[in-house]
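Asks: next comes the sequence, and after it the predicted model I'd like to discuss.
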Amino acid sequence: MLLPASGAKLRGPCGAGCRLPDTSWQKSPSERSFESVCANEPRHERIQKRALPCAPSYPHQERRHGIEMKRVSPTRFVSPAVSSIRAILFDCDGVLCPPMRFADLLEREYKITRDMTANFFKVAFLPALLGRVDVITLLPPYLKQWGWKKSTEEFLDMWLSSEREVRAPVIEIISDLRKRGYFVGAATNQESRRAEYLRTEMGFEELFDRCFISSELGHMKPQREYFHSVTSELGVAPQQIIFLDDQQSYLNAAKECGWRTILFTAEDTAREELAKVLEDSAQTASKPAS
């Protein structure tokens, strides 16, 4: 496999043998979870981290009315041995996770509207995303203003647990990429408590080779410093990175820093678009230098 001179930085936390099996079609959507088998674990111990994936839009197999249905296999990705791409990074909220679940819950169940929470999420919350303050210290005055009757800890627990849904087709893409040998990471704006929740409770530590969290880097998307910092951590050239996000402003900033970008609009098109970019990179890499 072709690797950059500093390719050792691309080794995942689970080692080179880490893989993720496809979501099991035998389970209902509410029962699905993603799993990892790590070669460096004793007896290949299976690690499960529960999440609540959406039903995949293109499962390899499914059973309807007792009849097994088979579909055409999804698009395969070219091998990293022939591609110039060294790292593929996914946004979390909006790509892997459906956005705004907590805002919906607050408005539906507690009559706390988006207008009421706008100042918190758009202004007061930003230092937490940069790792400068713990979000739990920011919440009390706002909870009082919103009429929240329970504790701050209960509010935070509800916040974290309400946004644990993931898109199974995107998990399948990530799994397939890692099986092919690509380094796959998360590039996301998160405060420290949700970052830990994603890693431990939702299994992102096993799902990705590495998570690039804004509160840990001290910079956030779309700041140019965020993309420069991630590039430096990866130890690859900017043009060897593909970034998928649903926010065009983030993609514009990444592109200005040399990254290749894909605007995520739907689950069923993300795989095709990613496969095309990888194929194009392979064709470019195969051309002799002039």
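Replies: Good, I have the coordinates.

Asks: C-alpha only now, for contacts and for neighbours.
Replies: Noted.

Asks: which residue is the nearest non-sequential neighbour of the spatially most central residue of the chain?
Replies: Closest to where the C-alpha atoms of the chain average out (CA atoms, centre = their mean) is residue 92, at 3.7 Å. Nearest residue to residue 92, sequence neighbours excluded (CA to CA, 6 or more residues apart in numbering): residue 188, at 5.8 Å.

Asks: in what helix or strand does the residue nearest to residue 156 when sequence neighbours are not counted lie?
Replies: Closest residue to residue 156 apart from its sequence neighbours, by CA to CA, 6+ apart: residue 136 at 7.6 Å. Using DSSP states H and E, residue 136 sits in helix 135-146.

Asks: from the contact counts, what lies against the helix or strand following that helix?
Replies: Per DSSP H and E, the first helix or strand lying C-terminal to helix 135-146 is helix 152-162. Where contact means 3 or more CA pairs under 8 Å, 6 or more residues apart in numbering; DSSP states H and E, helix 152-162 is packed against helix 101-110, helix 135-146.

Asks: could you check the angle helix 135-146 makes with helix 152-162?
Replies: Counting by axes from the mean of the first three to the mean of the last three CA atoms, to 10 degrees, helix 152-162 points 100 degrees away from the direction of helix 135-146.

Asks: what pairs with the helix or strand just after helix 152-162, parallel or antiparallel?
Replies: Counting by DSSP H and E, the next helix or strand C-terminal to helix 152-162 is strand 165-167. When pairing is defined by DSSP bridges, strand 165-167 lines up against strand 52-54 (parallel).

Asks: before we move on, the earlier item: ok, now how distant is the residue nearest to residue 156 from residue 157?
Replies: Going from residue 136 to residue 157 by CA to CA, to the nearest Å gives 11 Å.

Asks: before we move on, what about residue 148?
Replies: For residue 148 relative to residue 157 (CA to CA), the value is 14 Å.

Asks: what does residue 265 show for phi and psi?
Replies: phi -120, psi -30 (degrees, to the nearest 10).

Asks: for it, give me its contacts.
Replies: Residues near residue 265 by CA atoms under 8 Å, 6 or more residues apart in numbering: residue 246.
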